[in-house]
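**Student:** Give the three-dimensional model of this entry:
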Amino acid sequence: HPLTSHASGEAIELAVRGLGGPDGVIALVYGEQAGRSLVRHPLVRAAALTGSIGAARAIQAAIDERADPIPLYAELSSVNPIVVLPAAAADRGDRIAEGLFASFTGSGGQLCTKPGLAFIPADPGGDHLVDSLRARVASSGGSVLLNERVRDAFVSRAAAFERAGARVSARPQLQPGAGFVVPPALLEVGLPDLTAEIADECFGPLMVVVRYGDVAELDAALTAVPPSLTGSIHSAAGDDTAVVRGLVDVLAARVGRIVFDGYPTGVRVSWAQHHGGPWPSTNAVHTSVGATSLRRFLRPVAWQDAPEWILPEELRDEYRVIPRRVDGRLEPGVE
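**Tutor:** Numbers count the residues shown, from 1 in each chain. Okay, here's the model as predicted:
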């Protein structure tokens, strides 16, 4: 992972140089102490973090030591629940199982948008879906985790889920080998037995299937799941639209992105992307992926009654290169 970061940094540096940009646009450092030193430095004016709640608290503690604290934009923990409604399970159970498997095991389950909980009906359609998902997990190989600490945390959290009442539905047996390899795990629990501990994040290739008997139980169940980056709904023509609308209302209050009939692990870098959500998924309203993520590192300044000669060029009346809002009206830019 550090070597991947190094290669990425070199590629960006080479691209900046190729465009005639200055040296020092990007710098790469390693280690927890380096991170603390950076956020304490008086020339650093903002910080962003992708990591755990513990890492965020450690960085925030270092920032709080400053005479002039700076903003920290942190992306932290996310469960990303997926709800499969009965008609969807009956109509396309195999396809949903395929998508769920790919979503929770892709990249070793080490994506912040990995689905950790899948609510699946306890009916014949749901049974078939779970059987298909179980078969895919049972026949899969191991997943490589980033380092020893991530592997140990994964093993510990999986064991904690089992102690809390989640039963193993599928977990392939692996031959002992080198590296930080773990088997994907599919756990299962009935909706009445879903506890706060089981509804927590497990970083790595593990997903908990929650079997429910009545769609009316889902609203209350989702409010017990920690707020997340994403929430997903799979429905079909036979599902009650009022139920779908109610689930959307619940999720809209608790996630930053609602996914319909899909899987949350794909995060497109686009203007429409919002990669954020209520605490503990993030600590700010900004997206951390997509074009508008740049706004985290811009500080607005208003030039009230300033003479035009002192204004930045982009604020002068004759400037038309970029889109601007003038007296409330959006004016397009001119090439």
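**Student:** can you pull the buried residues of stretch 3-16?
**Tutor:** Residues of stretch 3-16 classed as buried: residue 13 (neighbour count, 16 or more other C-beta atoms under 10 Å). All C-beta spots, glycine's among them, are computed from the backbone N, C-alpha and C.
**Student:** So what touches that stretch?
**Tutor:** 22, 25, 26, 27, 28 (C-beta atoms under 8 Å, 6 or more residues apart in numbering).
**Student:** same deal with stretch 150-168?
**Tutor:** Contacts for stretch 150-168 (C-beta under 8 Å, 6+ apart): 110, 145, 180, 182, 185-189, 193, 195, 197-198, 200, 202-204, 206, 208.
**Student:** Give the buried residues for that stretch.
**Tutor:** Buried, per 16+ other C-beta under 10 Å, within stretch 150-168: 150, 151, 153, 154, 157, 158, 161, 164, 166.
**Student:** cool, and stretch 273-291?
**Tutor:** 273-278, 280-283, 286-290.
**Student:** out of the residues you listed, who's nearest residue 298?
**Tutor:** residue 286 (10.5 Å; C-beta to C-beta).
**Student:** My guess is that closest one contacts residue 72. True?
**Tutor:** No - counting by C-beta atoms under 8 Å, residue 286 stays clear of residue 72, with 11.5 Å between them.
**Student:** Lowest pLDDT pick from the contacts of stretch 3-16?
**Tutor:** Within the set of the contacts of stretch 3-16, pLDDT is lowest for residue 25 (86).
**Student:** which regions of the stretch 101-250 of the chain sit below the pLDDT cut-off?
**Tutor:** By pLDDT under 70, the low-scoring segments of the stretch 101-250 of the chain are 177-178.
**Student:** what are the ranges of the strands in it?
**Tutor:** Under the criterion DSSP state E, counting those that start in this stretch, the stretch 101-250 of the chain contains strands at 117-121, 143-144, 167-170, 181-182, 185-190, 206-212, 228-234.
**Student:** can you put those in JSON lines and add distance to residue 317?
**Tutor:** Output for those, formatted as JSON lines (distance: least, C-beta to C-beta, whole Å):
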{"stretch": "strand 117-121", "distance to residue 317": "55"}
{"stretch": "strand 143-144", "distance to residue 317": "58"}
{"stretch": "strand 167-170", "distance to residue 317": "66"}
{"stretch": "strand 181-182", "distance to residue 317": "62"}
{"stretch": "strand 185-190", "distance to residue 317": "63"}
{"stretch": "strand 206-212", "distance to residue 317": "57"}
{"stretch": "strand 228-234", "distance to residue 317": "42"}
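**Student:** Tell me the secondary structure at residue 13.
**Tutor:** helix (DSSP: H, G, I helix; E, B strand; the rest coil).
**Student:** And it, how far from residue 21?
**Tutor:** 9 Å (C-beta to C-beta, to the nearest Å).
**Student:** Pretty sure residue 111 sits against residue 265.
**Tutor:** Yes - contact criterion C-beta under 8 Å: residue 111 and residue 265 qualify, at 5.3 Å.
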